[in-house]
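K.L.:
give me a model of this one.
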Amino acid sequence: MKHGMVAFHYPTPDHRDEFVARVRAVAEVFRSTPGCLSADCWLAPDSGAVVSAVQWESEAASQAGFAAVSAADVDVAFDDREVRPREIHRLMSA
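P.N.:
Prediction:
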């Protein structure tokens, strides 16, 4: 069963480009892990959100991807560069 994640991040306008770069760096780490089917960065112009979308072939691959991100030298900190909390949705194929 495939697993996925969609996360909406709300950076301040002056940190938007930096945040896109951060999400792309995390996506690159996800894509480097076995079982990752896709990892992309999207923009939601209406809300100003930077959206990350990742898909894995299994729950184990998802867990391995998050472990790889935790071990990598990428910035995933939530701080004052974001104007509101992230919305993170974990998904499973139907």
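K.L.:
hmm, who's touching stretch 5-14?
P.N.:
18-19, 23, 44, 47-54, 62, 80-91 (Cβ atoms under 8 Å, 6 or more residues apart in numbering). (Glycine included, C-beta is placed from N, CA and C.)
K.L.:
which ones among the residues you listed lie within strands?
P.N.:
44, 49-54, 82-91 (DSSP state E).
K.L.:
what's the ChimeraX syntax to select whichever of the residues you listed are buried?
P.N.:
Those of the ones in strands among the contacts of stretch 5-14 that count as buried under 16 or more other Cβ atoms under 10 Å are selected in ChimeraX with:
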select :49,50,51,52,53,54,82
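K.L.:
what does the average pLDDT come to for whichever strand or helix holds A21?
P.N.:
Element membership for A21, per DSSP states H and E: helix 16-31. Helix 16-31 comes out with an average pLDDT of 96.
K.L.:
can you list contacts of it?
P.N.:
Contacts for helix 16-31 (Cβ under 8 Å, 6+ apart): 9, 11, 36, 38-41, 43, 48, 50, 52, 54, 65, 68-69, 72, 74-76, 81-82.
K.L.:
next, the buried residues of that helix.
P.N.:
By 16+ other Cβ under 10 Å, the buried positions in helix 16-31 come out as 16, 19-20, 22-23, 25-27, 29-30.
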